[in-house]
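A.B. asks: sequence first, then the predicted structure, then my questions.
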Amino acid sequence: MQYPIISAIAKHPRLEYYLFVSGAHLDEDFGCTKREIEEDGFKVWEEIKAETKADDLFSTTQAVGHIILNLSEALNKLKPHLLVVYADRFEGFAAVVAASQMGIPVAHIEGGDVTQGGALDDYVRHAMTKLAHLHFTTNKDAAQRIEKLGEEKWRIFNTGYPLIDLIKQKKFATLQQIQQKLPLDMEKPLIIFTQHSITTEVEDVASQIRPSLEALKYFSRKGIQVIITYPNNDAGGRRIIKEVEKLRKLNNMIVVPHLGRYLYHGILSLCVKEGLGVCVGNSSSGIKETPAFGCPFVHIGSRQEGRLRSTNVIDTGYDKDQIIEAIEKGLFDRKFREECRKCKNPYGKGDAGKNIAETLATIPIDKNLIQKQMTY
């Protein structure tokens, strides 16, 4: 998600980046996506270790503490002028705590969003907003929400969702590149699926994922291809992986730990341009990225409840029959698919990276930036 921002910073004559990576980026169980960062041409300055020994909230809390300790050492060594942090992950929250307590200005991207579906994201996101000094939002509603949280208006910039930059530039995999990585038959419809845990309902993750997987098995038996990616490393994620792995050997079923942004966006493009396809699950990418392609998204459960969305989203509960009905609409309802093609993307125009970099380059880093005022 930070590719357009890092790329724009790297190109800017007044800026220089030093990249910290942590969490799932370093975890082999979740694809070790640090390799993807390096393949994109970015240099990782330091790895910030975060031990997660178990699949529960206690382990997540321990990881937050580890990141604060390890990152503060790195920040003390580097002494950066400013720290840029993304979204609502516990790793980012730990980074904001470390930097803010060391007097390092923090720029927070994607604050002000709302997800009321039971994950800890809302609490963490708004806490990060109150600790941050600059706010780059993905939509107008989020910008207004941050102002209502008491943040000074001059600190808030509605720049849009950075990944839209890459979609607008068509920086995603072609059909040929996708078929080199995945055994897809473009004569068959396609489902791409990701379902994360809800962190306040960790004990229910297995029962919540099973109806989804039963629905996917139904479609695979019908000859429809299914690509399943692992969830993130939130508490409960490994329990979902255990359930997902049971489907690996089924016909028409592809299970991968991580697709990567380049391949994932290419597949979303295929879902619309090359044949029938639908995105399914509860990932925020289904809400924020699919409308840029005009791809239908079936949102399962409550994780993204309250998040700003376009008209391409179908909401459904944890019920096999409901999920099947919603996916069939996304795949085969021609009128709905045409509406999805024309849906409006509420997450920006595709120039976020450039605008964020320019603001970072020109904002005065002084006492006025550090000493925040409550305006509400």
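C.D. replies: That came through fine.

A.B. asks: which residue packs closest to Ile202, ignoring adjacent ones?
C.D. replies: Just to correct that, residue 202 is Val rather than Ile. Gly236 (4.3 Å; C-beta to C-beta, 6 or more residues apart in numbering). Bear in mind the C-beta positions are built from the backbone N, C-alpha and C, glycine included.

A.B. asks: distance of that neighbour from Asp351?
C.D. replies: Taking C-beta to C-beta, to the nearest Å as the measure, Gly236 and Asp351 are separated by 36 Å.

A.B. asks: quick one on the thing from earlier: and the residue nearest to Val202, how many neighbours?
C.D. replies: 26 (other C-beta atoms under 10 Å).

A.B. asks: how's the chain carved up into domains?
C.D. replies: Domain assignment for the chain by automatic domain parsing gives 3-161+348-370, 174-341.

A.B. asks: quick check: mean pLDDT of the first one?
C.D. replies: In this model, domain 3-161+348-370 has a mean pLDDT of 91.

A.B. asks: ends of it, how far apart?
C.D. replies: Terminal residues of domain 3-161+348-370 are spaced 27 Å apart (C-alpha to C-alpha, to the nearest Å).

A.B. asks: surely Val97 and Ile68 touch.
C.D. replies: Yes. The criterion here is C-beta atoms under 8 Å, and Val97 meets it with Ile68 at 5.6 Å.

A.B. asks: Ile191 belongs to a helix?
C.D. replies: No. Assessed with DSSP: H, G, I helix; E, B strand; the rest coil, Ile191 is strand; it does not lie in a helix.

A.B. asks: secondary structure element for Gly275?
C.D. replies: Here Gly275, judged by DSSP states H and E, is contained in no helix and no strand.

A.B. asks: that one: neighbour count?
C.D. replies: 16.

A.B. asks: can you get me a residue count around the residue lying closest to it once chain neighbours are set aside?
C.D. replies: Spatial nearest neighbour of Gly275, excluding adjacent residues (C-beta to C-beta, 6+ apart): Met186 at 5.4 Å. Look at Met186: counted by other C-beta under 10 Å, it has 14 neighbours.

A.B. asks: how close does Met186 get to Leu276?
C.D. replies: 10 Å.

A.B. asks: repeat for Leu268
C.D. replies: For Leu268, the distance to Leu276 - C-beta to C-beta - is 13 Å.

A.B. asks: for the protein, what spans make up the strands?
C.D. replies: 19-22, 44-48, 83-86, 106-109, 134-137, 156-158, 190-194, 225-229, 253-256, 277-281, 297-300, 313-316 (DSSP state E).

A.B. asks: now the ones you listed in TSV, with mean neighbour count and distance to Ala326?
C.D. replies: Output for these, formatted as TSV (neighbours: other C-beta atoms under 10 Å; distance: least, C-beta to C-beta, whole Å):
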stretch	mean neighbour count	distance to Ala326
strand 19-22	20	35
strand 44-48	17	39
strand 83-86	22	30
strand 106-109	24	31
strand 134-137	26	30
strand 156-158	20	32
strand 190-194	25	11
strand 225-229	23	15
strand 253-256	18	19
strand 277-281	28	8
strand 297-300	28	4
strand 313-316	20	4
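
A.B. asks: out of those strands, which comes closest to Asp56?
C.D. replies: Taking C-beta to C-beta, strand 19-22 is the member of these nearest to Asp56, at 19.0 Å.

A.B. asks: what does that closest one contact?
C.D. replies: 6, 34, 37, 42-50, 67, 71, 74, 91, 95 (C-beta atoms under 8 Å, 6 or more residues apart in numbering).

A.B. asks: apply 6 Å and report the result again.
C.D. replies: With contact meaning C-beta atoms under 6 Å, 6 or more residues apart in numbering, strand 19-22 is reached by Lys34, Phe42, Val44, Trp45, Glu46, Glu47, Ile48, Ala50, Ile67, Glu91.
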